[in-house]
Structures are given as structure tokens and as C-alpha cells.
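J.: Build me a model:
(one chain, ligands or ions: 2)
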Amino acid sequence: MEPRDEPDPTTWWERYGHRLGGDPVAADHVGEPVSEDPSPAPAPFEPDLLLRARGPVPDRGWRRWLHVVTLGRVDPGPSAAQLAEQDRLARVRSRLAGTHRVAITSLKGGVGKTTVTACLGLALAEHRGDRILALDANPDAGTLADRLTGHTDRTVRDLLDDLDRIDSWTAVSRYTSLAGRLQVLASEQDPAAGEAFTRDEYLRVDAVLARFFSVMLTDSGTGMVHSAMSGTLDVADSLVVVGAPTVDGAGRASKTLDWLVAHGHERLVREAVVVLVGRGSREIDAAALQEHFRTRTRAVVEIPHDPHLGTGGRIDPARLRPATREAFLALAAAVAEAFPARVSSTAT
Ligand SMILES: Nc1ncnc2c1ncn2[C@@H]1O[C@H](COP(=O)(O)OP(=O)(O)OP(=O)(O)O)[C@@H](O)[C@H]1O
Ligand SMILES: [Mg+2]
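T.: Ligands and ions are numbered 1, 2, ... in the order given. Take a look at the predicted model:
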């Protein structure tokens, strides 16, 4: 009798068996003769082999719905958006050896530096287990702490005055306030005293804080020539340059890069992340704008206009639009890509 023309069970099982709760490994042995060896060597204990290989469960949209109503028997797999988010999270969680200092700068004032510092810090702190600091080095009564915690009673000036006594985490935390898991250090609130925050003072504060924090974000204040700025740039491991998707906003960001190159910071510029905040006009060629900065720097991230950020008040991450959260996660991932000794957390 002719054998029946059946579908190839190996192929089908290998492709779909695990989604129905089967063990696809077993399919490898279909049709193999049973071993004649009476005393096979004991297989080493491999915990991973005891787990059925399953990919990530879909967490949104129709894919999640289908997975839930079929009790996981039908698994359409994650969407491209979910995979992209997981990739960003893996990059944000990259391991970091030592302390990484990020300076957030721009030649132009009012372009969004403080908001970017705050939301970048919140994104890093939310997804990482180590200590993240957002430090306001603005000489003109900076608003970073106002936007994050509202606590400006202890400032970087107080920390500087007591620097010799800072020998423990408890001592440091007396000068910072908490927004979620992000530590925030306010700037001097008296603009006249702020002028006295010199390069040396910045470096002394930095040296002490670096013993306690893995990532230090410095909101540098407006302009590139105030006294603390040269200290910030001298110790920065990487740079975020903030601009806007407009001809003048992008022009100022480009001039910021020129200024940095002219003052010996070519490496920082090559590795910089440019952030374009807000809406651009339809008349702007957004692709050409991105291309311009891509040729000069490591990455470009666009942050959309967000009504909650537009209030200029205290930032509540839960009130940000999903697209804004996504954009700041993309920024955090781009920044974390420059972390030294990067080891993907998914590989561990
Ligand atoms: N993505 C955004 N969507 C809507 N509004 C925003 C966004 N980013 C920043 N803003 C608003 O723009 C204004 C200026 O932002 P911000 O204070 O961050 O700028 P800055 O560069 O730090 O200014 P300065 O140079 O004075 O320190 C604020 O009111 C802020 O809330
Ligand atoms: Mg500011």
C-alpha cells in the first residue's frame, strides 16, 4: 500500500508546537532509533533546558487580546513597537562601570534644557537600579528642582559649604530631594551668589558626588561661558545638546557644536546626542534637519510638544503623553549607549 501523503509533522511541530504547550525539542527525535546504549552518560543539569522556549508575551493591542482570550494557546508574538521598546529598555539598563557624567547644554536659553534634564533623569532612574543624580549648575537660580520636587531649601551651595563633612550616603542625601527614584540637587537660588559657583567649586562638588552616583546629569544653564560651564565640560563623559526643529533653533544648536569644537571638545561633539524639542513648521524639511545633525553627532532624538510639559510646572511622569514618554526613553537609550563597559542586561 502507498504511504499516505501527510504534512511534514516535524516542520509543523517545530514551528508551532511550543505555542500549544508542546516541547519542540522532542521533535528533533521524531523517527530516530532508540539508543541501544544500556548506560548512557548522565546528562549535565541544564536549568535552561527545563524551560519551554517562549518569546515575549504580547503586551498591547489585538495581539494581547488574542493571547488573553485563547489563554495563551494562540500567540501572535510581540508587535514591532513592543520589540523596539524592549530594545530601548535593554539599552537603558546597560551596565555601567564607574560614574558617567552627562552635560545638558545649549547656547540658546529657554529651549528646553531643564525639561530635558528632568525627564531624561526620570527615565533613567525609573528603569535602572543604580543612583542617578540631576544636578542644577545654573548660575541664575535654576528651575530644575522646582520642576522635579519643589525642594530648593538645600542647594549645591550648602553642599559646597559642608563638603569636608560629606563622607557617607546619608550625608549626601541631606542635600538632595527625590523625584521618584531620581535624586535632585538644586542650584543656588540667589543669582548674585550663583556667580560665585566657579569652575573649581563645580569640580570639587563633582569629585565628591561621583563617589555616590553612577550617572550624573548636569543642567548647565544658558550659554557656554559662565564659570561652572567650563568645569562641567571638562569632566563630562557625554553631551546632550538641546535645540528646536526650527531654522533658528537648529541654527543655535549647530552653533553650540561649532563653539564646542573650537574650544577643544571635538570628541564630545562627535559622541553628542542632539535633542530637538517641540513642533516644527510644516515648511521645515525634518529629514534634512536630522541628517545635518547625524553627520556631526552620534544621535538625534526628537521630543514632541507635550501639554503637560508646556505648563512649566512640576513634572508628573504619569501625565506625559505616551509619545513623549517614548521619546524620553529613546533619549535615555541613546545616552546609555555611551556608557563604558556596556554589557547588555539581557545577556546576563
Ligand atoms: N516638550 C515640551 N513640550 C511643551 N513644552 C515644553 C517642552 N519642553 C520644554 N517646554 C517648556 O518650555 C519652557 C522652557 O523650557 P526649559 O525651562 O526646560 O528651558 P531651558 O532651556 O532650561 O531654559 P533656560 O535657558 O532659561 O534655563 C518651559 O515652560 C517648559 O515647560
Ligand atoms: Mg533651564
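J.: Next, whichever residue of the chain sits closest to ligand 2: secondary structure please.
T.: Closest approach between the chain and ligand 2, counting by C-beta to the ion: Thr114, at 3.2 Å. For every residue, glycine as well, the C-beta is placed using N, CA and C. Under DSSP: H, G, I helix; E, B strand; the rest coil, Thr114 falls in the helix class.
J.: any idea which element the closest residue to Ala299 other than its chain neighbours lies in?
T.: Closest residue to Ala299 apart from its sequence neighbours, by C-beta to C-beta, 6 or more residues apart in numbering: Ala334 at 4.3 Å. For Ala334, the enclosing helix or strand under DSSP states H and E is helix 322-336.
J.: those strands in the stretch 51-200 of the chain, which residues are they?
T.: Ranges of strands in the stretch 51-200 of the chain, per DSSP state E, counting those that start in this stretch, are 100-105, 132-136, 177-179, 182-185.
J.: chain center to the shortest one: distance?
T.: It refers to strand 177-179. How far strand 177-179 lies from its chain's middle: 18 Å, per C-alpha atoms, centre = their mean, to the nearest Å.
J.: Quick check: residues of the stretch 1-150 of the chain near ligand 2?
T.: 113-114 (C-beta under 5 Å from the ion).
J.: Kindly recompute the last result at 6 Å.
T.: Contact residues, the stretch 1-150 of the chain versus ligand 2 (C-beta under 6 Å from the ion): 113-114, 138, 142-143.
J.: Show me which residues of the stretch 151-300 of the chain sit near ligand 1.
T.: Residues of the stretch 151-300 of the chain lying near ligand 1 by C-beta under 6 Å from any ligand atom: 222, 277-278.
J.: Of those - the most surrounded one?
T.: Val277 (23 neighbours; other C-beta atoms under 10 Å).
J.: pLDDT score assigned to that residue?
T.: Looking at Val277, its pLDDT reads 96.
J.: Isn't the residue nearest to Ala299 up against Ile303?
T.: No - contact status for Ala334 versus Ile303: not in contact, 11.8 Å apart, counting by C-beta atoms under 8 Å.
J.: Overlap in contacts, the two.
T.: Counting by C-beta atoms under 8 Å, 6 or more residues apart in numbering, Ala334 and Ile303 have no common neighbour.
J.: My read is that Arg298 contacts Val269, right?
T.: No - Arg298 lies out of contact with Val269 (C-beta under 8 Å); the separation is 9.4 Å.
J.: my read: Gly150 touches Arg314, true?
T.: Yes - the pair Gly150 and Arg314 qualifies as a contact (C-beta under 8 Å) at a distance of 6.2 Å.
J.: Identify the residue nearest Ser238 in space, chain neighbours excluded?
T.: Ala338 is the one closest to Ser238 (C-beta to C-beta, 6+ apart), at 4.6 Å.
J.: Asp316 now?
T.: In space, and not counting its chain neighbours, Asp316 is closest to His308: 7.1 Å by C-beta to C-beta, 6+ apart.
J.: Which pLDDT value does the model give the one you found?
T.: 98.
J.: Please report the distance of it from Arg319.
T.: 4 Å (C-beta to C-beta, to the nearest Å).
J.: just Val215 next, same as before
T.: 24 Å.
J.: Touching, the residue nearest to Asp316 and Ala318? I think so.
T.: No - with contact defined as C-beta under 8 Å, His308 and Ala318 do not form a contacting pair (9.3 Å).
J.: Those two: who's more crowded?
T.: His308 (15 against 7).
J.: Out of the residues of the stretch 151-300 of the chain next to ligand 1, which sit inside strands?
T.: Val277 (DSSP state E).
J.: Adding distance to Pro47 as columns, could you present the residues of the stretch 151-300 of the chain next to ligand 1 in TSV?
T.: Shown next, in TSV, are those (distance: C-beta to C-beta, whole Å):
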residue	distance to Pro47
Thr222	55
Val277	47
Gly278	50
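J.: nearest to ligand 1, of the residues of the stretch 151-300 of the chain next to ligand 1?
T.: Thr222 (3.8 Å; C-beta to the nearest ligand atom).
J.: Alright, I will stop here.
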